[in-house]
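Colleague: here you go, sequence then predicted model.
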Amino acid sequence: MSPSSSVSALDPNLDSSLNSSLNSSLNNPLSDGSEGGSETQVRKADHLRVCLEEDVQSRRVTNGLERYRFTHACLPELNRDDIDISTTFLGKRVATPLLISSMTGGTEQARLINERLAKAAQRFGLAMGVGSQRVAVESPDLTATFSVRAYAPDALLFANLGAVQLNYDYGVSQCQKAVDALEADALILHLNPLQEAVQSEGDVNFKGLFAKIEELVRVLPVPVVAKEVGNGISAAMARRLMSVGVAAIDVAGAGGTSWARVESERAKDAKQRRLGNTFADWGIPTAECITSIRAMSGSVPLIASGGLRNGLDAAKSLALGADLAGMALPFLQAASQSETALGELCEALIAEIVTVLFCTGCGDLRALRRGGVISQSP
Ligand SMILES: Cc1cc2nc3c(=O)[nH]c(=O)nc-3n(C[C@H](O)[C@H](O)[C@H](O)COP(=O)(O)O)c2cc1C
């Protein structure tokens with residue numbers, strides 16, 4: 001999508017001040033009222049621009065869900081209107097088992113996108129994460145670009161910081177600030193070694209982090225979720241993360257947005273660009289993460305994400321054992337277009353999930369997960 005097409009697609013029914021504000025911020029993403037912008041702020045603006053304008057998805061690796069199919073029930077013995085897709089995650093009820101994956105914050109454009117996403121989360125009963133809050137820890141005046149609780153008073157909300165920051169002077173107090181800014185229900189610590197390795201300015205000291213996460217988990221009053229950013233979490237890593245007290249895993253597997261590709265698009269030199277391109281398809285496909293982690297533990301709270309693109313992908317992930325299904329890029333594309341486009345996406349995703357339950361004879365998600373409705377294609 002070109003920037004001009006994003007701008008022209010703005011929702012004519014929207015509050016005109018919000019539209020003109022997003023319109024101008026799409027053309028000037030750092031328009032936060034301050035001059036210039038910190039290095040982190042520039043990076044955040046770059047990420048939105050690259051993800052909206054370039055093809056940043058994996059090309060040779062898929063999410064792996066195409067290898068599974070549902071067994072069609074020709075007589076479901078259900079009234080479709082009675083189907084219940086609500087669930088509970090980390091003790092909080094969610095009406096729809098979908099997560100708007102962690103993405104943005106720190107610029108005026110990001111604030112507007114977060115506002116739209118949060119309103120949709122509230123309206124459709126989705127869970128939502130915000131992007132890394134490091135930029136607001138560095139510059140507290142940017143906290144408002146993440147603070148979406150007022151728009152989503154009932155949603156399950158996730159704060160977000162990079163786990164590696166625990167090796168760069170971050171501790172409980174910075175994590176607590178991130179949680180407080182959002183009145184978040186939990187903190188996501190993202191794990192992104194490949195992304196950091198491809199960034200020319202990346203933080204690459206990942207040594208000793210299990211111990212630091214263990215210390216944090218012991219003190220922080222909200223649950224901590226460990227999440228990748230598109231390269232997946234193996235069963236062995238999930239086991240180790242759970243053993244240090246992490247409350248849930250978001251696999252963010254390979255097959256969707258490729259951060260090696262995103263970083264190679266904004267690389268400053270040919271060496272970084274080549275590194276990103278070489279690793280563009282690196283990672284464990286999402287389906288493999290879910291099935292291997294579920295085989296290792298039947299009880300770990302599990303989010304499937306990475307390359308999910310419709311409600312059928314989401315339903316397959318749930319049937320394979322995930323508790324929630326997350327998507328990033330599809331929600332970003334819709335939110336940058338208009339509130340209407342975002343609402344239509346949510347409605348379509350919900351209709352697709354309900355249709356899977358109807359056509360497999362499952363009245364609720366527990367029935368979908370009980371087994372026997374999904375199998376590997378021959
Ligand atoms: C623009 C953008 C910014 C992102 N920023 C973050 C971030 O700050 N923290 C994080 O944990 N993940 C971040 N992600 C990764 C997503 O949460 C997700 O794990 C990844 O994009 C794979 O999902 P997808 O294939 O549905 O896009 C970002 C994704 C996008 C598209």
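Modeller: The structure has been received and is ready for your questions. Residues are numbered from 1 along each chain as shown.

Colleague: at the contact with the ligand, which residues of this structure appear?
Modeller: 47-48, 51, 101-104, 131-132, 160, 188, 190, 227, 229-230, 252, 256-257, 305-308, 327-329, 332 (CB under 6 Å from any ligand atom). C-beta here means a position set from N, CA and C on the backbone, and glycine is covered the same way.

Colleague: show me what contacts residue 298?
Modeller: residue 321 (CB atoms under 8 Å, 6 or more residues apart in numbering).

Colleague: how about a cut-off of 7 Å?
Modeller: Counting by CB atoms under 7 Å, 6 or more residues apart in numbering, residue 298 makes contact with nothing.

Colleague: burial count for residue 363?
Modeller: Using other CB atoms under 10 Å as the criterion, residue 363 is surrounded by 16 other residues.

Colleague: got it, and residue 370?
Modeller: 11.

Colleague: quick one: pLDDT of it?
Modeller: Among the per-residue scores, residue 370 holds a pLDDT of 90.

Colleague: quick one, phi/psi of it?
Modeller: Main-chain torsions, residue 370, degrees, to the nearest 10: phi -60, psi -20.

Colleague: residues contacting the closest residue to residue 341 other than its chain neighbours?
Modeller: Once flanking residues are discounted, residue 341 sits nearest to residue 334: 4.5 Å by CB to CB, 6 or more residues apart in numbering. By CB under 7 Å, 6+ apart, the contact set of residue 334 is 341-342, 345.

Colleague: mind listing the strands in this protein by residue range?
Modeller: Taking DSSP state E as the test, the strands found in the chain are 68-70, 87-89, 92-94, 98-100, 127-129, 157-162, 186-190, 224-227, 248-250, 302-305, 324-327, 374-376.

Colleague: neighbouring strands for the first one, and are they parallel or not?
Modeller: According to DSSP bridges, strand 68-70 forms sheet pairs with strand 374-376 (antiparallel).

Colleague: how about residues contacting the strand it pairs with?
Modeller: Contacts of strand 374-376 (CB under 7 Å, 6+ apart): 67-71, 316, 319-320.

Colleague: sorry, back to before: take the strands of the chain and lay them out in CSV including mean pLDDT, distance to residue 137 and mean neighbour count.
Modeller: Formatted as CSV, the strands of the chain follow (pLDDT from 0 to 100; distance: least, CB to CB, whole Å; neighbours: other CB atoms under 10 Å):
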stretch, mean pLDDT, distance to residue 137, mean neighbour count
strand 68-70, 98, 40, 17
strand 87-89, 98, 26, 18
strand 92-94, 98, 25, 16
strand 98-100, 99, 22, 28
strand 127-129, 99, 16, 28
strand 157-162, 98, 8, 25
strand 186-190, 99, 12, 24
strand 224-227, 98, 16, 25
strand 248-250, 99, 21, 26
strand 302-305, 99, 24, 30
strand 324-327, 98, 23, 26
strand 374-376, 96, 42, 14
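
Colleague: can you name the residue of the protein nearest to the ligand?
Modeller: Using CB to the nearest ligand atom, residue 256 is the residue of the chain that sits closest to the ligand, at 2.1 Å.

Colleague: ok so, going back, from residue 52, how far off is the residue nearest to residue 341?
Modeller: Counting by CB to CB, to the nearest Å, the gap from residue 334 to residue 52 is 11 Å.

Colleague: next one: residue 247
Modeller: In terms of CB to CB, residue 247 sits 32 Å off from residue 52.

Colleague: give the rounded mean pLDDT of stretch 76-84.
Modeller: For stretch 76-84, the per-residue pLDDT averages 98.

Colleague: would you work out how far apart the start and end of it are?
Modeller: For stretch 76-84, the first-to-last residue distance is 15 Å (CA to CA, to the nearest Å).

Colleague: where along the stretch 251-378 of the chain do the helices fall?
Modeller: 259-265, 270-278, 286-296, 311-319, 329-337, 339-359, 365-369 (DSSP state H, counting those that start in this stretch).

Colleague: got a list of contacts for the shortest one?
Modeller: By CB under 7 Å, 6+ apart, the surrounding residues in contact with helix 365-369 are 85, 87, 97, 315, 318-319, 321, 357, 360, 362.
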